[in-house]
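Peer 1: Compute the structure for the input listed below.
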Amino acid sequence: MRKIVGISILLAVLAACSSANKGNAAETGLVDTTLVALDGTEVNLSDSKGQVVIIDFWATWCPPCRNSIPTFIRLHEKYSENGLVILGIGLDDEQDLQKYAKDAGIPYLILIGNNDIAKAYGVTGIPKTIFIDKKGKIRKTQVGFAPELEASFDALVDSLLRE
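Peer 2: Next up is the predicted model:
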């Protein structure tokens, strides 16, 4: 039943997304919108301006999404004290996100996504990873994941933090 809900959410997201990089996110990188974290706190994405930000759109039922999580955990552990913020935006049922985040030991912030935020960032497939510099500009987007991307993600984050 949960997979059916997840697939329904993805289909709704895909239907809502008519074009990539449309709207506020394409202009500023960090949309001025508030999402709820798994711990119940409200987080405004634009509050992360001034830091290097990785936004990762994902779902628990998506194998490439699950495969990318260890990479983001390593990046968080390596760079969070230097100003890297990782925001995992889950496009899934809140209970599934809670369980997966706990089981996987995800140390970075997981936010509960919705169609509006997915549309703002032009999400047409997941995982979608967006790298944003300290000025709030989108520097790279990546749809999909493969383990060989980890080194390039690491190099990009290191470079952005030095700017």
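Peer 1: how about the residue nearest to Lys140 when sequence neighbours are not counted, secondary structure?
Peer 2: The spatially closest residue to Lys140, leaving aside those adjacent along the chain, is Phe131, at 4.3 Å (C-beta to C-beta, 6 or more residues apart in numbering). (Glycine included, C-beta is placed from N, CA and C.) Put simply, Phe131 is strand when judged by DSSP: H, G, I helix; E, B strand; the rest coil.
Peer 1: Any idea what Phe131 is bridged to?
Peer 2: Phe131 forms beta bridges with Ile54, Lys140, as assigned by DSSP bridges.
Peer 1: Kindly provide the distance from it to Val53.
Peer 2: Phe131 sits 8 Å away from Val53 when distances are taken as C-beta to C-beta, to the nearest Å.
Peer 1: Neighbour count: these two, which is higher?
Peer 2: Val53 (23 against 20; other C-beta atoms under 10 Å).
Peer 1: May I have the predicted confidence score for that one?
Peer 2: Note on Val53: pLDDT of 97.
Peer 1: Likewise for the one 10 residues further on?
Peer 2: Per-residue pLDDT puts Pro63 at 97.
Peer 1: Just give the number of residues close to it.
Peer 2: As a burial measure, Pro63 scores 9 neighbours (other C-beta under 10 Å).
Peer 1: residue contacts, it?
Peer 2: The contact partners of Pro63, by C-beta atoms under 8 Å, 6 or more residues apart in numbering, come to none.
Peer 1: Can you give me every residue that contacts the residue nearest to the spatial centre of the chain?
Peer 2: Nearest to the geometric centre of the chain sits Asp56, at 1.7 Å (C-alpha atoms, centre = their mean). Neighbour list for Asp56: 68, 72, 86-89, 127-130 [criterion: C-beta under 8 Å, 6+ apart].
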